[in-house]
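Trainee: generate a structure from the sequence data that follows.
(one chain, ligands or ions: 1)
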Amino acid sequence: MGIQFDAAARTFTLSTRSTTYQMGLDHLDRLLHLYYGPAIGQGDLAAMYPPADRGFSPNHNADRERRGISPDVLPQEYTGCNTGDFRLSCLVVREENGAAGAEWRYASHSIQKGKYALTGLPAAHDEENDEAESLCIRMEDSVTGLALELLYGVFERQDIITRAARLVNGGSQTLRLEKAASMCLDLPFGRWDMIHFHGRHAMERRMERTPLMNAIQTVSSTRGASSHHHNPFVILCDRKANEEHGLCYGVMPVYSGSHRTDVEVDQNGLTRIVSGIHDERFSWQLAPGEAFTAPEVILACTENGLTALSQQYHRFIRHNVCRGEFRFARRPVLINNWEATYFDFDSDAIVRIAEKAAALGVEMLVLDDGWFGKRNDDNSGLGDWFVNEQKLPGGLSPLIERVNALGMKFGIWVEPEMVSEDSDLYRAHPDWALTLPGRAPVMSRNQMVLDMGRPDVVDYLTERLTDLLANNPIAYVKWDMNRNMTDVYSRVLPADRQGEAAHRYMLGVYKLLETLTTRFPHVLFEGCAGGGGRFDAGMLAYFTQIWCSDDTDAIERLVIQHGTSFGYPVSSMGAHVSACPNHQTGRTTPLWTRAVAAMAGTFGYELDLNKLSDEEAAQVKEQIAFFDKHYQLIQNGLYYRLTDPTEEERYAAWQFVDEEQGETLVNLVLTHPEANARPLHVWLRGLAPDALYRVESLDIHGCHAAPQAGLDLAMEGVGKVYSGSTLMRAGYTLPQLAGDYPSVQMYVKRV
Ligand code: DGJ
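Mentor: Purely as a prediction, here's the structure:
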């Protein structure tokens, strides 16, 4: 298990509980990728790649007599530059004379207990289990003196392998990186489908599955953020793979800026995945002795289908990516004032919302945008992180005291990386914004992006936010980011280093977050970028939860949260019950169904509870009590998708099962009522087949129309005992729901 180097065979083998990853050195000391997949035993894998003389696939000078051995055909661990491998490359490096070339040769390696860390970048950790081992393989290019350190983190029990790459200039000239990917993964055989998660603002991470073309397909963002549009997470799976069966691979960059994952099927049918920072407008100058670290990528593999792959990522993100006390702690049910008031509030209005919320069992009030500077709409004030005393007389303290007196915690919204043109900060420091010389800056939400690559900007924000958090009892911070990056030009970088600005921005953000989360370990930080515009593993290293989407419509959320669930755990998905008609779609859904959808996330409210009828207010109380009762199961349980809402139009269903298979909660929302409908039949998943389970409760929510036939029959099952295999194989027929968007929750417990 762990990491082994076989000196005779010259292979490196990384073993996790159920996977094997193998590399080997060839006759020229190049590092070939030999295998990644379900665990295998011994055998000479290099022999599986016999020489193949492909026309127009060139040979290394030393191999000119052996024309079958071509870098263009062999599976590579990390490509060089300009070496005769015409497939996707990991690296473009330029010498002072303009030449671009690098050819890796093995130099040394080291194996260590524990997980490597990356300077300045988020990376998985192993604080809890002490299970990880790290491998560093050092490759060198003799002409430039450039060294490549390939880093591998092997998490045996979690079944996860992480990768990263460090480029160190060991030569005497200044080198320029024009592309520096994090990793390359070659799958020499197999025909794959690719799953990725695309979207837009207020409709993030829609799952899409397509067979790979014999071409290059790319999932990327050039927005300076991981983006609403293409999430940095790609799955390759066997064409026959489904939720329960089939070989699946996941590639998840731990990075929040512009990213790029390319997948190429080559002339031999080999599939190559290259992932890392987007290289458009990227460059990085490496003076002698300097190093550049490419972000980490989390790899997972299973032969047990997509659910198993998702659960691997869920567990790993919760245990090994997220940090701090909130990973597993009970998080407060919150009320956020954004959709209740937008910018139009004062202390009394906020307290009125808090009072009602407290009476119904809500545990924290979050004050959203508009509490600072001159911020009465979204055209001004960003950057002026001083309390707007017209709205909040006497500052934050009196308001927080009033909220705390209700027995509630207090949370606050910030958007530190941005500046409004109409702000004191911009008037004092126009050079702090990213703007192109001689051009009017491109505007988005009437705001500009601060140059987070500047140490003085990071220092200013550190000081302002430290002041805010140190002087007020703030339990939670919602960290927003509401536009993408344009005009990428830093006033502090010389002309030939402007290609560094976008990545330096991310390093500045990570530094600020590292400082603040370390300084304030008892504050729960939630990420946000106009909803889920930066929902990625990099951000999850600082934020235990991220606002999933600005679309709070319960029915749309079913699709968004379904897509999100492929890579990210329920405990990371910010989800709230909001008002109806919904502010984004105009749709009306039952209050309980909105809660069922929000309970597939961190759960909270975002509406003026004072506007609810007494009956609705009573429902809120019931919802919080229900969530409280099942908190452990929902947040810490295993998540099973029972339907694909993009395919099954009639209803969406999902299930939580605790790790011990002792209890489960089945959730179903009717999304499309039908006349003379077929039965709603679900097959449960994840139970112990031989164990006996009792249907403890079956709650029908928001079924305003008379249920059709079958209600009585379905209710007859409540209190009855079934074996796990019966519930999974024969399944269970739920009540026949009718009307607009009713839902069902069925709780089943082992007897
Ligand atoms: C975008 C966020 O996603 C919303 O929840 C809200 O915080 C607004 N920004 C405030 O400007």
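
Trainee: so what's residue 278 scoring on pLDDT?
Mentor: Note on residue 278: pLDDT of 98.

Trainee: enumerate every residue touching it.
Mentor: Residues near residue 278 by CB atoms under 8 Å, 6 or more residues apart in numbering: 220-222, 257-260. C-beta: built from backbone N, CA, C; applies to glycine.

Trainee: distance of it from the ligand?
Mentor: Here the criterion is CB to the nearest ligand atom, to the nearest Å. By it, residue 278 lies 24 Å from the ligand.

Trainee: grab the nearest non-local neighbour of that residue.
Mentor: In space, residue 278 comes closest to residue 258 once its chain neighbours are excluded; the distance is 3.8 Å by CB to CB, 6 or more residues apart in numbering.

Trainee: isn't the one you found up against residue 223?
Mentor: Yes. Residue 258 lies in contact with residue 223 (CB atoms under 8 Å); the separation is 6.4 Å.

Trainee: show me where the stretch 251-400 of the chain has its helices.
Mentor: For the stretch 251-400 of the chain, the helices defined by DSSP state H, counting those that start in this stretch occupy 305-316, 338-341, 347-360, 396-405.

Trainee: what about dumping the CA coordinates of the third one to CSV?
Mentor: Included here for helix 347-360 are C-alpha records, laid out as CSV according to Å, rounded to 0.1, in the frame of the first residue of the first chain:
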residue,chain,number,x,y,z
SER,A,347,-31.5,48.6,11.9
ASP,A,348,-35.2,48.5,12.9
ALA,A,349,-36.2,46.6,9.7
ILE,A,350,-33.4,44.1,10.3
VAL,A,351,-34.4,43.6,13.9
ARG,A,352,-38.0,43.0,12.9
ILE,A,353,-36.9,40.2,10.6
ALA,A,354,-34.6,38.8,13.3
GLU,A,355,-37.4,38.9,15.9
LYS,A,356,-39.7,36.9,13.9
ALA,A,357,-37.0,34.5,12.8
ALA,A,358,-35.8,34.0,16.4
ALA,A,359,-39.4,33.2,17.4
LEU,A,360,-39.5,30.5,14.8
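
Trainee: pretty sure residue 339 is in contact with residue 552, am I right?
Mentor: Yes. Contact criterion CB under 8 Å: residue 339 and residue 552 qualify, at 6.7 Å.

Trainee: give me the common contacts of the two.
Mentor: Listed as contacting both residue 339 and residue 552 by CB under 8 Å, 6+ apart are 578, 583, 606.

Trainee: mind listing which of those residues are in strands?
Mentor: 578, 606 (DSSP state E).

Trainee: quick one: contacts for the closest residue to the ligand within the stretch 601-750 of the chain?
Mentor: Residue nearest to the ligand within the stretch 601-750 of the chain (CB to the nearest ligand atom): residue 606, separated by 7.7 Å. The neighbourhood of residue 606, defined by CB under 8 Å, 6+ apart, consists of 335-340, 552, 576-578.

Trainee: what separation do you get for residue 122 and the ligand?
Mentor: 22 Å.

Trainee: can I assume that residue is in contact with residue 543?
Mentor: No. With contact defined as CB under 8 Å, residue 122 does not count as touching residue 543 (10.5 Å).

Trainee: residue 466 and residue 518 touch, don't they?
Mentor: No. Counting by CB under 8 Å, residue 466 does not reach residue 518; the two are 11.2 Å apart.

Trainee: out of those two, which sits in the busier spot?
Mentor: For residue 466 versus residue 518, neighbours defined as other CB atoms under 10 Å are more numerous around residue 466 (14 against 11).
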